[in-house]
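Got a sequence here, can you model it:
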Amino acid sequence: MPLIRSVLHLLWMAVTVVPWAIFVILASLFVSSTRMYWMCVGWLRVAVSGGTAILGIKNRVTGWENLPTGSTDPAVLLVKHQSTWETFVMPTLMPHPLAYVFKKELLYVPFFGWAMARMDMIHIDRSQRARAFHKVVAQGKRLMSQGTWVIMFPEGTRIPRGQKGSYKNGGTRLAIETGAPVIPIAVTSARCWPRKAFIKYPGVVDISIGKPIPSAGRQSDELMREVEAWIESEMHRLDPEAYAQASPAAPARSEAAQG
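Here you go, the predicted model:
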C-alpha cells in the first residue's frame, strides 16, 4: 500500500505542478511579487493536502506563540532538514512570506524551477562563497524590511532520521548582520518521508517552533551552537525511538551554501 500511495502522490504533484507553473509564469507579468508568492503557496497547499489525503501524512505544530506578530517584524527561520516535506509545508504554515536561500541550479528544474525564478527569493552561486553571502545579506535586509522572513536549513542537506549533520553558521551570520532574531524549528518529517526515499509512510510529522533567540551582540558560531543544541534536543524529545536506534553519523556534506 505505501508503494501505491507514493506513486499516486507523485502523479498528483506532476499533473498539478505543470499547469500551475505555467499559470504563475504568465501571471508574473501582471501581478506583484507578494501576490506571486501566495499563488505559488497555493500549489504547495495542493501538494501538502495531497500528501495528507493520499499518503496519510499529517502535521502537528506546536509553538505558534513563539512567532513574531508584527507585520514587518523580521525573523530568520533555521529549520531541521530531513526531507522534501518541510520545504513544501513551511510556506503553507507561516503567516509571512518566506524567502528560501537556495542554489541557483534549482532554477533550471522544469516548471517548478521556472516558477521559482519568478519569485523574490535568494538564489546563490555556491562557487562564489563571499560574494554569495554578501548577496544573502543585501537581499535578506530588503526582504525582511518588507515583512518577508528568510528561511534556511543550517545543516545544508537532508539528514537521515536519528542523525545530525554539520550545522553551518550562515543563518546566524545573516541574523546578526540584519539584527533579526533566530527562530529554531525542529521537524520529524523523516518519520514519514525518509531522506531520498521514493516510498513514503502514513503518520504524524511534528513541527516544533522554538522561542526567538535575539542576535544582537552575539557571535555567529556561538549563536549557532545554541540553535543546534535546541533543535537537536527537541528532535530527541519528539522522536526518541529514532535516536535510540541510530548509530553515530559523520557530518553530512552540504548541498547548499549556508556560510
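
where along this protein do the strands fall?
57-62, 76-79, 98-103, 122-124, 149-152, 182-187, 203-209 (DSSP state E).

Contact partners for residue 220?
169, 172, 173, 176, 259 (CB atoms under 8 Å, 6 or more residues apart in numbering). No exception for glycine: its C-beta is placed from N, CA and C like everyone else's.

Can you report how many residues neighbour the second one?
Close neighbours of residue 172, defined as other CB atoms under 10 Å, add up to 30.

Kindly report the same for the first one.
Residue 169 is surrounded by 21 other residues when neighbours are defined as other CB under 10 Å.

Quick check on it: phi, psi?
With angles defined as degrees, to the nearest 10, residue 169 sits at phi -90, psi 10.

Without its sequence neighbours, what residue ends up closest to the residue nearest to the spatial centre of the chain?
With distances taken as CA atoms, centre = their mean, the residue of the chain nearest its centroid is residue 87 (4.2 Å). Leaving aside its chain neighbours, residue 87 sits nearest to residue 100 (7.5 Å; criterion: CB to CB, 6 or more residues apart in numbering).

distance between the longest helix seen in the chain and the chain's centre?
Assignment by DSSP state H gives helix 2-27 as the longest helix of the chain. Distance, stretch centre to chain centre, for helix 2-27: 19 Å (CA atoms, centre = their mean, to the nearest Å).

same deal with stretch 188-195?
Its chain's C-alpha centre and that of stretch 188-195 lie 14 Å apart, by CA atoms, centre = their mean.

Name the surrounding residues that touch it.
55, 57, 82-86, 89, 158-161, 200-207, 235, 238-239, 242.

same thing but at 6 Å, please
By CB atoms under 6 Å, 6 or more residues apart in numbering, the residues outside stretch 188-195 that reach it are 57, 82-83, 85-86, 158, 160-161, 200-201, 203, 205-206, 238-239.

same thing with stretch 51-58?
Contact with stretch 51-58 is made by 5, 8, 9, 192, 200, 202, 204, as judged by CB under 6 Å, 6+ apart.

Mind putting those residues into JSON lines with distance to residue 76?
JSON lines is the format used below for the contacts of stretch 51-58 (distance: CB to CB, whole Å):
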{"residue": "5", "distance to residue 76": "35"}
{"residue": "8", "distance to residue 76": "36"}
{"residue": "9", "distance to residue 76": "31"}
{"residue": "192", "distance to residue 76": "27"}
{"residue": "200", "distance to residue 76": "29"}
{"residue": "202", "distance to residue 76": "33"}
{"residue": "204", "distance to residue 76": "27"}
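
Out of these, the closest to residue 47 would be?
Nearest to residue 47 among the contacts of stretch 51-58: residue 9, at 8.4 Å, using CB to CB.

Cool, thanks, signing off.
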